[in-house]
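**Q** I would like the atomic coordinates for the input below:
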Amino acid sequence: MKIEGVSLVVQTGEVEPVPFPIPGSTPGGVKATLVNVDGASGLVTTIIHIAPGARIPAHYHNDGAEAHYVLEGDFINAGVSHAPGAFITHPVGVVHGPHESKGGCKVLTLQTAYVDPAKPDFHIAE
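**A** Have a look, this model is predicted:
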């Protein structure tokens with residue numbers, strides 16, 4: 001990762017995905033490539049890796065909107081399967097998910113608010 005002027009540049013292929021504990025999700029089923037976690041540097045950006053059969057429960061966020069762009073695999077949102085190239089957005093406070101994948105997927109996730117791992121803005125809605 002490097003900062004060019006005021007722009008953040010990250011070669012995501014050089015960033016190793018790490019286990020990403022999301023409340024209520026399948027243990028060990030979700031990893032994330034942390035691209036940008038600082039809202040001051042632009043949109044909070046991660047690549048979420050959902051393992052085959054893994055699940056993230058339906059939830060909402062109070063601090064910011066969220067959007068998903070499917071990079072690889074099958075991303076299931078609220079029972080509807082989305083292929084690579086699909087773009088799904090969720091305004092603040094709107095329940096979305098559950099997120100699942102039958103064969104595994106990678107999803108570029110953008111958020112408009114800082115994500116604090118110690119106090120996640122993640123509210124389970126099931």
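**Q** Could you list the low-confidence segments of this protein?
**A** Residue ranges of the chain with pLDDT under 70: 1-6.
**Q** What distance do you get for the residue nearest in space to the middle of it to residue 66?
**A** In the chain, the centroid-proximal residue (C-alpha atoms, centre = their mean) is residue 109; its distance is 4.0 Å. Note on residue 109: its distance to residue 66, by C-beta to C-beta, to the nearest Å, is 7 Å. The way it works is simple: take the backbone N, C-alpha and C, and place the C-beta from them, glycine included.
**Q** How about residue 11?
**A** 24 Å.
**Q** about what we covered before: which neighbours in the sheet does the host helix or strand of the residue nearest to the centre of the chain have, and how are they oriented?
**A** Taking DSSP states H and E as the criterion, residue 109 maps to strand 105-111. Sheet pairing for strand 105-111, assigned by DSSP bridges, gives strand 44-50 (antiparallel), strand 66-73 (antiparallel).
**Q** Point out the most buried one among these.
**A** Sort the strands paired with strand 105-111 by mean neighbour count, taking mean count of other C-beta atoms under 10 Å, and strand 44-50 sits at the top with a mean of 22.
**Q** Dump it to PDB, restricted to CA.
**A** The C-alpha trace of strand 44-50 is given here as PDB (Å, rounded to 0.1, in the frame of the first residue of the first chain):
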ATOM      1  CA  VAL A  44     -13.800   2.000   3.500                       C
ATOM      2  CA  THR A  45     -13.000  -0.900   1.200                       C
ATOM      3  CA  THR A  46     -12.600  -4.700   1.700                       C
ATOM      4  CA  ILE A  47     -12.700  -7.800  -0.400                       C
ATOM      5  CA  ILE A  48     -14.900 -10.200   1.400                       C
ATOM      6  CA  HIS A  49     -14.200 -13.900   0.800                       C
ATOM      7  CA  ILE A  50     -17.100 -16.200   1.600                       C
END
